[in-house]
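Student: Coordinates for the following, if possible.
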Amino acid sequence: MAGIDNRQIAHLAAGLKIARGVFADAYDIFAMAYDTRLFRQIAMEADEEKAMAPGPARDRRDFNAALRAARDAGWLVEFLIDRFADLSAAGDAPARVELQAIAQRNQPFVEAGDVTARTLMAARRCCQILATEVGAAGDRQERAIGSGFLVGANVVLTNHHVVAELQASGGPPPLLRFDHHAGPRGMALAETLRCPDDWLIDHAPAAEGDAVTADRLDYALIRVDGLPGHARGWYDITLAPPPPEIGLGLEIWQFPRGQPMRVAGGTRHAAPAGDAADMPERIYYDANTLRGSSGGLVLGADRVPVALHEAGYEDATQTLNRGIPLHLIAARAGGHLAQEAANLQPKIGWNANRAFPILGRAKLQRLIFEAQSGRPRLIVVATRPDPATEQRIPRLGRSFTRLVLEACLPDDAHHVVDFNAALIDPDAHLTAARLLSMLGTSGPEPTATDDGPFDAEATGRLVDATLAALRAAAPGKTVWLMIDDLDAHPIGTQWAASSYLLALYRRAADDDRLRIVLAGLSRPLEALRDMEQDGLIGFETLDAPPSDTDLGFWIEAHLFPAALPADLAPRMARFVRSVAQPATRSGRVCLTEATALVLRDHARGAFRAQA
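Tutor: All right, here's what the predicted structure looks like:
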């Protein structure tokens, strides 16, 4: 650091207009990191050489000595870059030429890597809010109404005035469009997610006239189907810092006039005189917005979220926009966010016992998670025949349901019993005997009356024995009976076994320690329609293998979480090489050739069309 001479350092020290303690705190962070003398030690040494009374002259001398020590230890420039913006810069022309200038004293430098990462985060977490309009003929049309961003694994934050009309009308829930970018391809294919009927978690209305703004923060928390935040990440607004000071930069991520995502930068301003009294809970800025920008994400210069964009303000002298600080929303809505997070199932990507990935089946995972808390008691994995052939669609992953169950259920509290539908016989006694044998016991001996039509009494005896065996299979645990491949081995509705199984399902639903999973059911359970209406039965429809979207979600969430673009190529390279490696074991091909073959046969087809 010899390029910074003593004269320049003296000018820098003379220009510091801050309290001695503030400088000492900033300086000592670096001094401790570099194992050099602390500011207090440097000041004591200077006093031993020449004592001075407390005051500006003494501060300038000690600041000067400390900056020289930092230069000699090799960390002065790093200290100036990281901390000098928090201090007060001054000096003559030579010093400014050497060190450039601190034009905004309270604006820190930001790591370039942080800016890149946070930019990608914002691009993935922001979404456009859509309303579905139903025409007189029943036709549906989507209309962009605002902007929003993820603040939970399944929660989006926007303005309440954006969705107030939807709430009042009781119409279709909003839709949320992610990855809506400009250009022929954009950054990714846009993804539109639905919201459940109970989509509005919490809200505060917009400010009106002289209304008390502490209760009118104009926000809405929207519940989303699925868990998009597991792949995209989300902002924890309970950690949001206060907004940047007046005069500092910020930017708004938004969807103006329904267009693809746009970013507008600006500077924070003081509250206008005409709005300040009525809007003490807002911040003001000169970044541009249009209709459709409401609910946009406001980031500080360091790309950290600070506010929710709300509306514009205009008077005779100026036009500004305003937003609501996130820390104020968090203070009111934090409890709802915490409760929503507590109600979510964990992020499941692997069956840990078998080291096997769990692809797709988000609805099934949700049902399993809810069933652990009580409802539903019976889960149906429903399938449909091929409409062209009326035949069973093979290879959908029905039996994969067992792996999903194992992955979602803790071993110390749950036990899964897998019974294949091929073992179900028209004879109820034989079916029960096979199930009970699997559970390590036997059923009641048939009585003389069982030789006739299978009646309720005989059914009751078999069901009692089966329930007792299921409970005994894993004492103290919840036992899940999964009946697999039901569409490959349909059960005749007139079979005695059908009456036995339907009674078993109904009785099991009354037992807190029993759950039933029916995999591959191809027709409704009409006899249990009342249980379905009471919320005791949950349905997943399985009509296709995991889609590219499911696979992409899994890769994002479990292989490349929060990865930067620069990280993806090296990881993909290792992945391709690991796929190619087994082909070299025969000795007939080298690793270079094996890798080239993988790329020729697989990668070109996946990427060439997008090149």
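
Student: you'd agree residue 439 is up against residue 469?
Tutor: Yes. With contact defined as C-beta atoms under 8 Å, residue 439 reaches residue 469; the gap is 4.2 Å. Quick note: C-beta positions are derived from backbone N, CA and C, even for glycine.

Student: Model confidence for the closest residue to residue 154 other than its chain neighbours, exactly?
Tutor: Ranked by C-beta to C-beta, 6 or more residues apart in numbering and with sequence neighbours excluded, the top spatial neighbour of residue 154 is residue 224, at 4.7 Å. We have a pLDDT of 95 for residue 224.

Student: Show the contacting residues for residue 224.
Tutor: If a contact means C-beta atoms under 8 Å, 6 or more residues apart in numbering, then residue 224 has 154-156, 176, 193-195, 199 as its contacts.

Student: right, and out of these, which lies closest to residue 333?
Tutor: residue 155 (9.5 Å; C-beta to C-beta).

Student: which residues sit in contact with that closest one?
Tutor: 201, 221-224, 229, 234, 337, 340.

Student: From residue 225, how far off is it?
Tutor: Plainly put, residue 155 is 12 Å away from residue 225 if you go by C-beta to C-beta, to the nearest Å.

Student: Show me what counts as buried in stretch 337-350.
Tutor: Along stretch 337-350, these residues count as buried under the neighbour rule (16 or more other C-beta atoms under 10 Å): 337, 340, 344-345, 348-349.

Student: looking at it, residue 590 is touching residue 584, isn't it?
Tutor: Yes. Between residue 590 and residue 584 there is a contact under C-beta under 8 Å: 6.5 Å.

Student: Just want to know which of those two has more residues nearby.
Tutor: Neighbours were counted for residue 590 and for residue 584 using other C-beta atoms under 10 Å; residue 584 has more, 15 against 12.

Student: From residue 400, how far out is the closest residue to residue 350 other than its chain neighbours?
Tutor: The spatial neighbour of residue 350 that comes closest, neighbours along the chain excluded (C-beta to C-beta, 6+ apart), is residue 357 at 5.8 Å. Noted for residue 357: a distance of 10 Å to residue 400, by C-beta to C-beta.

Student: more neighbours, the two?
Tutor: The neighbour count for residue 357 versus residue 400, taken as other C-beta under 10 Å, is higher for residue 400 (21 against 16).

Student: what bits of the stretch 351-500 of the chain have low per-residue confidence?
Tutor: In the predicted model, the stretch 351-500 of the chain carries pLDDT under 70 at residues 395-399, 443, 445-454.

Student: What ranges does it have for its helices?
Tutor: Secondary structure of the stretch 351-500 of the chain by DSSP state H, counting those that start in this stretch: the helices cover 362-372, 400-408, 428-438, 456-473, 496-508.

Student: Could you provide the ones you listed in TSV, with additional columns for distance to residue 13?
Tutor: Conversion of these to TSV gives the following (distance: least, C-beta to C-beta, whole Å):
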stretch	distance to residue 13
helix 362-372	60
helix 400-408	62
helix 428-438	83
helix 456-473	78
helix 496-508	80
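
Student: count of neighbours near residue 230?
Tutor: Residue 230 is flanked by 22 other residues according to other C-beta under 10 Å.

Student: what's the helix or strand for it?
Tutor: Under DSSP states H and E, the secondary-structure element containing residue 230 is helix 229-232.

Student: Against which helices or strands is that helix packed?
Tutor: On a contact count with 3 or more C-beta pairs under 8 Å, 6 or more residues apart in numbering; DSSP states H and E, helix 229-232 meets helix 112-125, strand 140-152, helix 548-554.

Student: Could you say which one of those comes nearest to residue 292?
Tutor: With respect to residue 292, and counting by C-beta to C-beta, the nearest of those is strand 140-152 at 5.6 Å.

Student: Now do the contacts for the closest residue to residue 118 other than its chain neighbours.
Tutor: For residue 118, ignoring the flanking residues on the chain, the nearest one in space by C-beta to C-beta, 6+ apart is residue 303 at 3.3 Å. Contacts for residue 303 (C-beta under 8 Å, 6+ apart) come out as 110, 114-115, 118-119, 121-122.

Student: Could I get those residues in a markdown table, plus columns for pLDDT and distance to residue 598?
Tutor: Shown next, in a markdown table, are these (pLDDT from 0 to 100; distance: C-beta to C-beta, whole Å):
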| residue | pLDDT | distance to residue 598 |
| --- | --- | --- |
| 110 | 80 | 40 |
| 114 | 84 | 35 |
| 115 | 87 | 35 |
| 118 | 91 | 35 |
| 119 | 92 | 32 |
| 121 | 92 | 32 |
| 122 | 95 | 35 |
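
Student: From those, list the buried ones, please.
Tutor: When burial is judged by neighbour count using 16+ other C-beta under 10 Å, the buried members of the contacts of residue 303 are 118-119, 121-122.

Student: from the residues you listed, which single one is nearest residue 481?
Tutor: Of all the buried ones among the contacts of residue 303, the one with the least separation from residue 481 (C-beta to C-beta) is residue 121, at 43.5 Å.

Student: quick one: that closest one from residue 236, how far?
Tutor: 12 Å.

Student: try residue 345
Tutor: Residue 345 sits at a distance of 19 Å from residue 236 (criterion: C-beta to C-beta).

Student: One more: residue 352?
Tutor: With distances taken as C-beta to C-beta, residue 352 is found 27 Å from residue 236.

Student: Give me the more crowded residue out of the two.
Tutor: Relative neighbour count places residue 236 above the other of residue 352 and residue 236, with 15 against 11, counting by other C-beta under 10 Å.

Student: And for that one, nearest residue in space, chain neighbours not counted?
Tutor: Distances taken as C-beta to C-beta, 6+ apart put residue 151 closest to residue 236, at 7.4 Å, once the chain neighbours are dropped.

Student: Name all residues that make contact with that neighbour.
Tutor: 157, 221, 234-237, 337.

Student: Quick check on these: which are buried?
Tutor: Of the members of these, the ones counted as buried by neighbours, 16+ other C-beta under 10 Å, are 157, 221, 234-235, 237, 337.
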